[in-house]
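Trainee: Provided below are the primary sequence and the corresponding predicted coordinates.
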Amino acid sequence: MYLKSQTIRKPDGKTYTYFRLVESYRQQGTVKHRVVGQLGRLTPDEARRLAHRFARVAGIDLPANDDELELSGTMYFGPPLLVEHLMDQLHLNRWVKQALARRKLSFDVVGALKVMMCAHLFKSGSRAELAVWDWQQKLFGHPHRTEDLDYQHLLRSLNILVSIKDQVEEKLFLHLAGLFDLNVDLVFYDLTSTYVEGQAHWSELLKRGYSRDKRGDCKQIVIGLVVTREGFPVTFRVFEGNRLDQKTLKQMIGELKNRFQITRCIWVSDAGLMTEENLKVLKSSGYPFILGMGGEVRKDAKNAIEKTKEIEQQEFKDAKFWDVVVAHTTKTKNEGEKGADKGAPGKGTELRRIVVVESEGRQKKTAAIFERRLMKVRQGFEALEKKVKQGKCVQKHDIQVQAEKILHQCRVKKYFDYQADDKVLIWQEDTTAVEARKSNAGKYALMTNTDLPADQVLSAYRTLLAAEDAFLVLKDILDLRPVWHKCDENVHGHVLLAVWSYLLYKTLETRMQQKGIHASAPRALNAIKEVKAVEVAIRDRAVWKLLKVPPEAKEAFEAIGVDDVKGPFKKWAANAPAYHYRPRLRPNHGCDL
């Protein structure tokens, strides 16, 4: 084992030298090298004296000859310490063990869960490091605290965890409510999708549908997530990839009422769930609601926006809003029947409360998007008109096909009109309608049946960002996408691991905020990943030592109640085995974790 340097020259001409701990091994008669640890930027002198410093900390006399001292290897100590401590705080390991108490299992499911959540929380830029089967060997403490897990055990753990998901979720929610004094007066529901690589012919769950990841070429699943106003997950469900957003609400409301016994709260969702059928479901559930309606797409929203011209506006932070009541025409049982009195006062109508909101930032953004779409249509018609004049597109049918294609792609069809004939194209833009649309740009509507003041309705809806933030963390930090598994049960298990990892992430973030620590959770996780154990071998004697704990990692550990990182390390290192790392290739069957 030896230190290897890499020199990088920056654009400004400065050079930086980074050092790695590299180990040599022989495979099929060929000598190969693998990186055991990243030591960062060191001066050459610091690199030469690194082993001496480890020995000095260990209280061992330095040998006269540098060749008598060797760094055996490094392992991650911070990640497993954080995951174990947070799981203990949340009682997650306790609930899993209780749910599995009557099952006879030949391997440690809780140990597998810890390893896989370390992989989700502390991923690096390399997907190879996310092979959990290999990852567990890099975690200090795992091999001598729980037995080394085979690849099949990790796959089997996913199915087992999915089978106890509901039972563990219910206990977790009750414990979280007391631990963090969670406020469930508002619950937020949102959906996202994540895709799978490959054809996935084997799946009944993966389908093609509306992709929020802009990967319409891939099959996907739809995930519905319910969170509290603080952002803690309550429950989630995995739906088929072609399931419409509107078709998920009834099932999730049933989950909230029947499993979690939440009888009083306000349900908040975005415009994707706004249908008359869902309104009936919400009204029958007894939950008050705040639903986004978008802009002028829906008739009630459009009528409410028009009424703002007659009502005095109010202000809330950076937004203006109007509290509007509109009459909505509903179908009655006797509508259309002979002799029915269709003109009876109030019959077939209901009053709906709609809060219309306008913000300057949204207005500029919406108007700019609208103008770009209009410009694409104008440029498309100008190009088509030129082709017609040049005789490159002369038949009426061909001109119509090209014109419809231009209008369809830009989604502003109603603002343009055209007439086509052989060798003739005449088009025009409805400038009056365009100006009217721009004047209302940035206005969107919220429907509610609550008695809350309009500013509180707006504030509650803006808190829906808690659910959107959860999806951002799940996708961008916790490796939710893409999915690499090759059976539906493991796909579901992959989502479960990501959501439970997010629960640990949110717990860490909340504890740091409570302690007044301003560092972000991702930054804290990166610092914790730098907390490593190093084995120093001197004259055939191996000693495990802890690298210096970065200040940000120390703050994060103190926030969750670990005041002294060295204490747990000494306890673990007392009986730790010698450093050993055996690179393992993924089996040909199965899939990545």
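Mentor: That came in fine, so what should we check first? As the structure is a computational prediction, the values presented were derived from the model and not from experiment.
Trainee: so how far is stretch 471-486 from its chain's centroid?
Mentor: Distance, stretch centre to chain centre, for stretch 471-486: 7 Å (Cα atoms, centre = their mean, to the nearest Å).
Trainee: quick one: average pLDDT of that stretch?
Mentor: Mean per-residue pLDDT for stretch 471-486: 85.
Trainee: quick check: which ranges of the chain have low pLDDT?
Mentor: Along the chain, segments meeting pLDDT under 70 span 1-3, 24-31, 41-71, 124-131, 143-147, 295-297, 331-347, 537-541, 583-593.
Trainee: centre-most residue in it?
Mentor: Nearest to the mean C-alpha position of the chain, by Cα atoms, centre = their mean, lies L474 at 2.3 Å.
Trainee: burial of R102, as a residue count?
Mentor: Using other Cβ atoms under 10 Å, R102 has 6 other residues around it. All C-beta atoms are positioned from the backbone trio N, CA, C, and that covers glycine.
Trainee: quick one: it is in a strand?
Mentor: No: under DSSP: H, G, I helix; E, B strand; the rest coil, R102 sits outside any strand and is assigned coil.
Trainee: where does it fall, phi/psi-wise?
Mentor: phi -90, psi 0 (degrees, to the nearest 10).
Trainee: now the residue nearest to the centre of the chain. Nearest residue, chain neighbours left out?
Mentor: L480 (4.4 Å; Cβ to Cβ, 6 or more residues apart in numbering).
Trainee: identify the residues contacting the helix or strand where S459 lies?
Mentor: S459 belongs to helix 454-462 when assigned by DSSP states H and E. If you take Cβ atoms under 8 Å, 6 or more residues apart in numbering as the criterion, helix 454-462 is touched by 186, 266, 268, 290, 292, 314, 316, 319, 321-323, 355, 357, 446, 448, 450, 452.
Trainee: next SSE after that helix?
Mentor: Assigned by DSSP H and E, the successor of helix 454-462 is helix 465-476.
Trainee: so how far is that following helix off the chain centroid?
Mentor: Here helix 465-476 is found 4 Å from its chain centre; the criterion is Cα atoms, centre = their mean.
Trainee: and the helix or strand following it, what does it pack onto?
Mentor: Using DSSP H and E, the helix or strand that follows helix 465-476 in sequence is helix 488-514. Helix 488-514 sits against helix 78-90, helix 109-121, helix 151-163, strand 220-228, strand 233-240, helix 465-476, helix 521-529, helix 551-559, with contacts defined as 3 or more Cβ pairs under 8 Å, 6 or more residues apart in numbering; DSSP states H and E.
Trainee: hmm, which of the contacts of helix 454-462 are the buried ones?
Mentor: With burial judged by 16 or more other Cβ atoms under 10 Å, the buried subset of the contacts of helix 454-462 is 186, 266, 268, 290, 292, 316, 319, 321-323, 355, 357, 446, 448, 452.
Trainee: can you pull the buried residues of the helix or strand encompassing M252?
Mentor: If you go by DSSP H and E, M252 is part of helix 249-258. By 16+ other Cβ under 10 Å, the buried positions in helix 249-258 come out as L249, K250, M252, I253, E255, L256.
Trainee: mind putting these in TSV, distance to I223 included?
Mentor: Shown next, in TSV, are the buried residues of helix 249-258 (distance: Cβ to Cβ, whole Å):
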residue	distance to I223
L249	14
K250	17
M252	11
I253	17
E255	14
L256	16
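Trainee: name the surrounding residues that touch the helix holding M252.
Mentor: Residues contacting helix 249-258 (Cβ under 8 Å, 6+ apart): 187, 189, 224, 226, 234-235, 237, 262-263, 265, 267, 269, 273, 278, 281-282, 285, 287.
Trainee: ok, stretch 224-239 next?
Mentor: 169, 173, 176, 180, 182-192, 205, 221-223, 248, 251-252, 255-256, 259-260, 463, 466-467, 469-471, 491-492, 495, 499, 502-503, 506, 510.
Trainee: stretch 160-172 now?
Mentor: Residues from elsewhere that reach stretch 160-172, judged by Cβ under 8 Å, 6+ apart: 90-92, 95-96, 99-100, 103, 105, 109, 113, 234-235, 259-260, 489, 492-493, 496-497, 503.
Trainee: mind checking how far the residue nearest to the centre of the chain is from L497?
Mentor: 11 Å (Cβ to Cβ, to the nearest Å).
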